[in-house]
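Enquirer: sequence first, predicted coordinates after that:
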Amino acid sequence: MIATETRRDVRQQLLTDIIRNRRSVYADDYTNEPIPEAIIREVLTNATWAPTYKMTQPWRFIVLQGNQRKPFGEFLAEYYRERLNETVFTRERYERAKAYPERAACMVVLIMRRNDKIDIKEWEELAAVCCAVQNMALTCEAYDIGAYWDSCDACVEYAARFGLESNEQCLGFFYMGYYDKATYSSPKRRTPIDKKVTWLY
Ligand SMILES: Cc1cc2nc3c(=O)[nH]c(=O)nc-3n(C[C@H](O)[C@H](O)[C@H](O)COP(=O)(O)O)c2cc1C
């Protein structure tokens, strides 16, 4: 039997490793490998274990995969073509946007669903959904799956076609896909805590 101290050490190291190695990995870096549904379910189940004030569990998810990806790519390409100058949004960028969602194994539509019966501030509900999304990101990291939260207006607008109710708001898409972890590196660093923390005694 593993000693309590050893177990604690292993858990602490694993958690720190998962938190600090998690990176936003974008769909350009995904391979074509599908993600088994059991793993997607695990990611979403862990989302629901996020803390939630008054247990409102203010979230709902829609998983877009397979044939659902292509129409979103077409929407994305047209969305930016209509809004950006063609010298900025070139033919190359148009084609890239069109193909982009199909690079993902799936995209999860993130929906905040407010509870109209319980008196709770909107930011508290929003914060709970953010906790849920972080659980998803950390679970993906544990499974060596690349993921990131895309909060672009195009995602939010596209989600309207899924029949959101008046108490629901799309917060973007959570992209997921396997990637080559061995060759991937992210330049993003963090500001040391000494610049962010005030200690009062
Ligand atoms: C609420 C939220 C919304 C985000 N929206 C976008 C987005 O629309 N597009 C994007 O490229 N990245 C988006 N990101 C990812 C951030 O750019 C990324 O987390 C940040 O650059 C830090 O990099 P890291 O996640 O690899 O540590 C979002 C992240 C959060 C938390």
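Expert: Yes, it's here.

Enquirer: going forward, measure contacts between C-alpha atoms and count neighbours the same way
Expert: Fine.

Enquirer: show me where the chain has helices.
Expert: With DSSP state H, the ranges of helices along the chain come out as 4-21, 37-47, 69-83, 91-99, 122-142, 153-159.

Enquirer: which other helices and strands contact the first one?
Expert: This means helix 4-21. helix 122-142 (3 or more Cα pairs under 8 Å, 6 or more residues apart in numbering; DSSP states H and E).

Enquirer: quick one: buried residues of the helix it packs on?
Expert: Of the residues in helix 122-142, those buried under the neighbour-count criterion (16 or more other Cα atoms under 10 Å) are 125-142.

Enquirer: just checking, what packs against it?
Expert: Packed on helix 122-142, when contacts are counted by 3+ Cα pairs under 8 Å, 6+ apart, are helix 4-21, helix 37-47, strand 106-113, strand 145-150.

Enquirer: what is the orientation angle of that helix with strand 145-150?
Expert: Taking axes from the mean of the first three to the mean of the last three Cα atoms, to 10 degrees, one finds that helix 122-142 is oriented at 160 degrees with respect to strand 145-150.

Enquirer: Leu171 reaches Arg113, doesn't it?
Expert: No. Contact criterion Cα atoms under 8 Å: Leu171 and Arg113 do not qualify, at 10.4 Å.

Enquirer: how about residues contacting the helix or strand bottoming out on mean pLDDT in the chain?
Expert: Here the helix or strand of the chain ranked lowest by mean pLDDT, DSSP states H and E is helix 4-21, holding a mean of 94. Applying Cα atoms under 8 Å, 6 or more residues apart in numbering, the contact partners of helix 4-21 are 138, 141-142.

Enquirer: list the neighbouring strands of the longest strand seen in the chain plus their orientation.
Expert: Counting by DSSP state E, the longest strand found in the chain is strand 168-178. Sheet pairing of strand 168-178 (DSSP bridges) gives strand 106-113 (antiparallel), strand 145-150 (antiparallel).

Enquirer: make CSV out of those strands and add mean pLDDT, distance to Phe162 and mean neighbour count.
Expert: Compiled in CSV, those are given as follows (pLDDT from 0 to 100; distance: least, Cα to Cα, whole Å; neighbours: other Cα atoms under 10 Å):
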stretch, mean pLDDT, distance to Phe162, mean neighbour count
strand 106-113, 98, 10, 23
strand 145-150, 98, 18, 23
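
Enquirer: nearest to Val25, of those strands?
Expert: Comparing the strands paired with strand 168-178 by their distance to Val25 (Cα to Cα), the top pick is strand 145-150, with 5.0 Å.

Enquirer: how far is the closest one from where the chain is centred?
Expert: Distance of strand 145-150 from its chain centroid, counting by Cα atoms, centre = their mean, to the nearest Å, is 5 Å.

Enquirer: name the residues that touch it?
Expert: For strand 145-150, contacts defined as Cα under 8 Å, 6+ apart pick out 23-26, 30, 137, 140, 172-179.
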